[in-house]
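Chemist: A structural model of the following input is requested.
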Amino acid sequence: MAGPGWTLLLLLLLLPLGSLAGYGLQKKQVNLSHKVIAEPCRSHQECQSNCCTTNSLDPHTLCTPKTIFLQCLPWKKPNGYRCSDNSECQSSCCVRNNKSPQEFCTSQTVFLQCVPWRKPNGNFCSSHQECSSQCCIQLREDSPFRCVPRTGILAQCLPL
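Modeler: Purely as a prediction, here's the structure:
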């Protein structure tokens, strides 16, 4: 036989929580709207991973996973995409790859260096660093400086 206390407790457990607001109990707000990876978001708090970052060239933000170091990393451009700074690229290399001033994301060397584009042989130049051969010389006294291949046994920068 249940006493009046047990009956009241059983009744309270069966009633929805919202109907008890008049008795001094308030409904606790539970956020069940946490979004999963790849869902659109506006802030970190919306995501289960607590990471809401840009994940493509599209300017919208998406829920993304955290790294093993529990960091939220923004999306970075793969090789071949236009860039203006090394930080925009997955490879951390944003360099020119032809005569145009536009820069592109390119891969790093085996030694983790970014190799800038250099002018091919025959192009006009003003310094050795501009040429792929690292050799910019005047072929004649009155001619302009041009990129030329290195020559000789020791691959020196000599006129042809």
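Chemist: Domain-wise, how is this protein divided?
Modeler: For the chain, the domain assignment from automatic domain parsing gives the residue ranges 33-75, 76-117, 118-149.
Chemist: Do you have the strands of this protein handy? List them.
Modeler: When secondary structure is read from DSSP state E, the chain shows strands at 52-54, 61-63, 82-83, 94-96, 103-105, 136-138, 145-147.
Chemist: other SSEs contacting the third one?
Modeler: Pointing back at strand 82-83 there. Judged by 3 or more CB pairs under 8 Å, 6 or more residues apart in numbering; DSSP states H and E, the packing partners of strand 82-83 are strand 103-105. In short, each C-beta sits where N, CA and C put it, glycine included.
Chemist: Parallel or antiparallel, which strands does the strand it packs on pair with?
Modeler: Sheet pairing here is set by DSSP bridges, and for strand 103-105 it gives strand 82-83 (antiparallel), strand 94-96 (antiparallel).
Chemist: picking up where we left off before, which one of the strands of the chain lies closest to Pro120?
Modeler: Pro120 lies closest, by CB to CB, to one member of these: strand 145-147, at 6.6 Å.
Chemist: State the mean pLDDT of the closest one.
Modeler: When pLDDT is averaged over strand 145-147, the result is 91.
Chemist: and if you look at stretch 102-114?
Modeler: On average, the pLDDT along stretch 102-114 is 87.
Chemist: Low-confidence ranges, this protein, go.
Modeler: 1-33, 55, 153-155, 158-160 (pLDDT under 70).
Chemist: 50 instead?
Modeler: Scanning the chain for pLDDT under 50 picks out the ranges 17-22, 25-31.
Chemist: ok, the residue nearest to the spatial centre of it - contacts?
Modeler: With the centre of the chain defined as its mean C-alpha position, the nearest residue by CA atoms, centre = their mean is Lys76, 2.0 Å away. Taking CB atoms under 8 Å, 6 or more residues apart in numbering as the definition of contact, the neighbours of Lys76 are 87-90.
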